[in-house]
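Undergrad: heads up, no residue letters with this:
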Ligand code: SF4
């Protein structure tokens with residue numbers, strides 16, 4: 001089973017610092033999957049993605065999208081917390097097959113990336129996040145909608161951008177809902 005495999009993974013050095021591998025939170029058959037970057041301290045302790053302050057911001061955004069708990073799921077590119085919460089590209093390359101397998105199992109109709117590293121992990125050719133956010137893109141089998149990372153919303157300008165991009169995301173999801 002994939003979850004058990006990830007929990008026991010020692011493929012990169014990040015396993016040395018983890019309390020828990022952080023795998024998934026959400027419905028059993030979600031049609032929207034949010035892809036974050038890496039667990040932070042709260043997530044490492046709880047073993048669930050986006051349960052800290054950024055998680056509260058994300059949950060607030062998801063509530064505004066009108067998604068029921070069964071309709072969405074949340075994963076990260078990295079399953080183990082990186083030191084000082086700094087995304088580690090080398091580890092992401094090693095960890096990436098787990099994300100691919102999660103998406104292949106979940107088969108969502110829409111993938112929402114959170115932050116630049118999540119976007120780059122799904123689409124290495126994507127432009128910088130401040131250009132890409134709010135504009136849907138297709139990469140291979142996936143329809144992707146890039147958002148800023150909720151932890152990056154620290155100013156009036158980024159809060160306004162987050163709100164605007166969520167509004168466009170709601171319209172995009174309504175089209176996909178059918
Ligand atoms: S970050 Fe990914 S590759 Fe590295 S130990 Fe954790 S699960 Fe394994």
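TA: Happy to help now that I have it. Bear in mind that the values here come from a model prediction, so they are computed numbers and not experimental data.
Undergrad: residues contacting the lengthiest helix in the chain, please?
TA: In the chain, with assignment by DSSP state H, the single longest helix is helix 156-177. The contact list for helix 156-177, computed with C-beta atoms under 8 Å, 6 or more residues apart in numbering, reads 31-32, 61, 64-67, 109-110, 112, 130, 133-134, 136, 143, 145, 147-148, 150, 152-153. Using the backbone N, CA and C atoms, a C-beta is placed for each residue, glycine as well.
Undergrad: select from these every entry located in strands.
TA: Taking DSSP state E, the ones among those that sit in strands are 32, 110, 112, 143, 145, 147.
Undergrad: now the helix or strand hosting residue 105 against strand 142-147, angle please.
TA: Applying DSSP states H and E as the criterion places residue 105 in helix 89-106. Angle between the axes of helix 89-106 and strand 142-147 is 120 degrees (criterion: axes from the mean of the first three to the mean of the last three C-alpha atoms, to 10 degrees).
Undergrad: re the thing from before, the ligand next: which of the contacts of helix 156-177 are close?
TA: Among those, not one lies near the ligand by C-beta under 6 Å from any ligand atom.
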